[in-house]
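J.: Return atomic coordinates for the entry below.
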Amino acid sequence: MLTLAAQGRRIMEITPRVHSIPAHQAFLSGPYAPNVYLVVDGGQAALIDAGYPDEGSIGPRLEYLQGMAGPSAGSGSALKGSSPKGQALRLAHIIVTHHHIDHCGGAHALRQATDARICLHPTEARLLSEWRAAAPQDVDIPAEPQTLAERLGAWRRATAQTTADCLVQGGDTIQVGGITIEVIDTPGHTLGSISLYLREEGVLFTGDTVLGLGTVAIMPPPHGDMALYMQSLERLKGYQAALLCPGHGPPVRDVARKLQELIDHRQERERQILAAVGQGRGRLEALLAELYPELDRRLVGMARGQLIAHLAKLESEGRIARRSDGDGSLYVLP
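T.: Next comes the predicted model:
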């Protein structure tokens with residue numbers, strides 16, 4: 001049962017074994033701050049994602065862990081105090097769904113405070129080790145005021161400190177007390193994105209592969225892949241989960257319906273692209289205006305990237321062709 005910690009606050013206990021740990025919403029979070037979940041059983045615990053690297057995000061999560069362990073808790077992987085079974089609560093793992101700042105940024109600081117092991121997909125670990133400041137990060141802020149740009153730069157550097165203590169990929173399992181978390185490969189949003197399935201409770205943690213509300217941006221290769229994303233959604237349908245805990249937004253109870261809605265949305269977008277191309281509107285800017293006629297200008301860059309991702313998928317499938325001329329690329333039906 002979902003229970004509210006207090007009137008007007010976000011859900012804290014999703015199930016007795018799954019907790020959401022809210023924090024102050026950072027200035028880059030958008031309408032829904034990144035979710036950080038705690039899975040706990042038999043005195044052991046794992047965090048799923050780590051939020052931003054600022055103190056306003058990290059501090060409340062450490063306080064929550066120590067609050068669960070009791071007033072005598074100190075820092076370190078064994079949080080001394082009373083767990084549900086009277087044991088010391090040990091945070092053993094920080095499982096990161098993907099390398100973006102809002103999910104991975106706090107991992108290094110949380111590891112330093114708890115000695116927990118950071119678990120990453122090999123592709124995401126490589127992306128962090130080859131960090132490039134220009135890589136898409138689901139954040140887009142103007143160069144002014146300069147203080148915001150400087151803060152983002154500091155956050156990028158903090159995120160780049162994250163290294164993998166444990167590499168995980170689809171089919172691997174992580175034990176937390178007497179329960180099992182299964183790793184699922186769900187590339188698309190990033191090339192090494194993972195989702196996690198808590199077998200005993202049928203809870204699916206999806207990072208940014210599935211959001212609680214709305215749709216996630218999918219960038220074109222090499223940063224994302226629309227074809228892989230569609231395959232990932234189909235893969236998640238096979239788990240028949242009872243509850244979905246997304247990377248942003250509220251939990252989802254009708255999981256099958258949510259996944260099918262996302263698949264239907266992407267397929268409808270493809271039909272719109274093919275129709276526009278067939279009518280001679282095959283240039284990128286014309287397609288952008290056709291598909292996103294009233295888009296907030298701050299989202300234009302992300303929408304353009306997502307459109308290119310759709311076009312790359314359709315081109316790889318032979319459903320459209322790209323021609324080059326003096327005005328750039330023109331997409332046509334084959």
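
J.: Would you mind measuring from the closest residue to A241 other than its chain neighbours to N35?
T.: Computed as C-beta to C-beta, 6 or more residues apart in numbering, the closest residue to A241 that is not its neighbour in sequence is L204, at 3.8 Å. (C-beta placed from N, C-alpha, C; glycine too.) From L204 across to N35, the span is 13 Å (C-beta to C-beta, to the nearest Å).

J.: higher neighbour count, the two?
T.: N35 (29 against 26; other C-beta atoms under 10 Å).

J.: Tell me if I'm right that that one and G247 touch.
T.: Yes: using C-beta atoms under 8 Å, N35 is in contact with G247, at 5.8 Å.

J.: hmm, back to that, three-state assignment of the residue nearest to A241?
T.: Using DSSP: H, G, I helix; E, B strand; the rest coil, the secondary structure recorded for L204 is strand.

J.: which residues does it bridge with?
T.: Beta-bridge pairing for L204 (DSSP bridges): Y197, L244.

J.: can you map out the helices along the stretch 51-200 of the chain?
T.: With DSSP state H, counting those that start in this stretch applied, the stretch 51-200 of the chain shows helices at 55-69, 101-104, 107-114, 122-129, 146-160, listed in chain order.

J.: Tell me where the stretch 201-334 of the chain has strands.
T.: Per DSSP state E, counting those that start in this stretch, the stretch 201-334 of the chain has strands spanning 203-205, 243-245, 321-325, 328-332. These are given in chain order.

J.: related to what we said a few turns ago, just give me the residues shared between the contact sets of L204 and N35.
T.: Listed contacts common to L204 and N35 are C245; contacts here mean C-beta atoms under 8 Å, 6 or more residues apart in numbering.

J.: hang on, the earlier thing: tell me which of the strands of the stretch 201-334 of the chain sits most buried.
T.: Most buried of the strands of the stretch 201-334 of the chain by mean neighbour count (mean count of other C-beta atoms under 10 Å) is strand 203-205; its value is a mean of 26.

J.: give me the low-pLDDT residue ranges for the chain?
T.: Along the chain, segments meeting pLDDT under 70 span 1-11, 28-29, 69-88, 131-146.

J.: Scan it for its longest helix.
T.: Ranked by residue count and defined by DSSP state H, the top helix of the chain is helix 255-278.

J.: Just give the number of residues close to A164.
T.: 19.

J.: That one and P222: what is the separation?
T.: According to C-beta to C-beta, A164 stands 20 Å off from P222.

J.: got it, and T206?
T.: T206 sits 22 Å away from P222, going by C-beta to C-beta.

J.: So which of the two has more stuff around it?
T.: For T206 versus P222, neighbours defined as other C-beta under 10 Å are more numerous around T206 (33 against 9).

J.: count of neighbours near the residue lying closest to that one once chain neighbours are set aside?
T.: Of all residues not flanking T206 in the chain, S195 sits nearest, at 4.7 Å (C-beta to C-beta, 6+ apart). By the measure other C-beta under 10 Å, the count of residues near S195 is 29.

J.: Would you check that my belief about S195 contacting Y229 is correct?
T.: No: counting by C-beta under 8 Å, S195 stays clear of Y229, with 12.0 Å between them.

J.: any residues in contact with both of those two?
T.: Here S195 and Y229 have T209 as joint contacts, going by C-beta under 8 Å, 6+ apart.

J.: Who are the contact partners of V96?
T.: Counting by C-beta under 8 Å, 6+ apart, V96 touches 49-50, 103-104, 107, 118-120, 124, 162.

J.: Of those residues, which is the nearest to S329?
T.: Nearest to S329 among the contacts of V96 is E124, at 30.3 Å by C-beta to C-beta.

J.: roughly how far apart are the nearest residue to that closest one once chain neighbours are set aside and L295?
T.: Nearest non-adjacent residue to E124, counting by C-beta to C-beta, 6+ apart: G192, 4.0 Å away. Applying C-beta to C-beta, the value for G192 to L295 is 29 Å.

J.: These two: which has the busier surroundings?
T.: Legend: neighbour count by other C-beta under 10 Å for G192 and L295, higher for G192 (22 against 14).
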